[in-house]
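Trainee: sequence first, then the predicted structure:
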Amino acid sequence: GGASPLSSNSKGVTLAEVLITLAIIGVVAALTIPTLVSNINEKSWDSANKVFRNRFEETMRVMNVNQQIAGFSTTEEFVNEFSKNMKIGKICDKDDLTSCFGEKFEFDGDEYEVADLKTSAKLGLSEWGTNVLGLMFDSGVSALITYDKNCVAVDPYTNITSKVTSCVAMLYDVNGTRNPNSLEKDIKKFGDISINNIQAPPLPDAIDVWFGTGTFVWDDENYTSFSGVSGNWTSYKNCTWNDDLHVGFTCADKWSCDKDTSLDSYWSCGRDGSHSGGID
């Protein structure tokens, strides 16, 4: 007789083997897909950033040539002129920034509330005396922007990009208001941006002298706390007065300063409670 169609020692794939194979595929997918998605997102954000940044810089250069970049006294006036050159779908004033930029974002490892960044002193390295506005561009990019009212136009024949664009400080999110809302991911910065490190408090003058090139700003209208940075000192964050007499303050990074009440202009400062030096 002829041979049997299936020999007695033929082997099929068992259900257990199929399940093991699927499990291995699942584990590999779980390990690789997040990385692939992250890489795709980063490439997408980088591409969107290049397109937006080139468009923004070109608009600023055109405005400079047309003598439209300097001479405004407020961010609102500048944005009104800017919007004639680059399409903006929505403008949010300083009291409604979250409608354009979401509620929170991550910047240099710290999380910030968008609603707190109402003035130029809270968004840049200098106090320009102007408000921060929120913008939603037609391209889908969202932004927080403030304008330097002391901005000076550049020679239109050279039209150097870095000088033209120094008239504004801006955080912009190429991903709109969607997550991750994090610096150097979907959020990029334009100009000198430093959320906590800002302009000098109006009093006492002695602090400004002591810290030399350091700069500070009050965190609220009640002058109860300030933030800032000094050239040779670590960054100050969340500095608060120790009492209502303004004779001492302590900062989150453990630096503190105290005023000697017997010597009206004398301050001593130190870290972890160890004070040294001072001014008189």
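Mentor: Sure, I can see it.
Trainee: what about Val62, how many residues nearby?
Mentor: 16 (other Cβ atoms under 10 Å). Yep, even glycine has a C-beta here, placed from its N, CA and C like the rest.
Trainee: hmm, I was thinking of Thr32
Mentor: Thr32: 10 neighbours (other Cβ under 10 Å).
Trainee: retrieve the pLDDT associated with it.
Mentor: On the pLDDT scale, Thr32 is placed at 73.
Trainee: for the one 4 residues further on, same thing?
Mentor: As predicted, Leu36 sits at a pLDDT of 62.
Trainee: for this protein, just list every one of the strands.
Mentor: Per DSSP state E, the chain carries strands over the ranges 88-92, 104-107, 110-113, 133-137, 142-147, 168-173, 187-190, 215-218, 225-229, 236-241, 248-250, 255-259, 267-271, 274-279.
Trainee: pick out the shakiest of the ones you listed, pLDDT-wise.
Mentor: Among these, strand 274-279 scores lowest, at a mean of 43.
Trainee: and the angle for the longest helix seen in the chain with strand 168-173?
Mentor: Longest helix in the chain, counting residues (DSSP state H): helix 15-65. Angle of helix 15-65 versus strand 168-173, following axes from the mean of the first three to the mean of the last three Cα atoms, to 10 degrees, is 160 degrees.
Trainee: name the helices or strands packed onto helix 15-65?
Mentor: On a contact count with 3 or more Cβ pairs under 8 Å, 6 or more residues apart in numbering; DSSP states H and E, helix 15-65 meets helix 75-82, helix 161-164, strand 187-190.
Trainee: what's the last one in contact with?
Mentor: Contacts of strand 187-190 with the rest of the structure, by Cβ atoms under 8 Å, 6 or more residues apart in numbering, involve 49, 53, 56, 105-107, 165, 168-175, 181, 183.
Trainee: at 6 Å instead, please
Mentor: Asn49, Phe105, Met170, Leu171, Tyr172, Asp173 (Cβ atoms under 6 Å, 6 or more residues apart in numbering).
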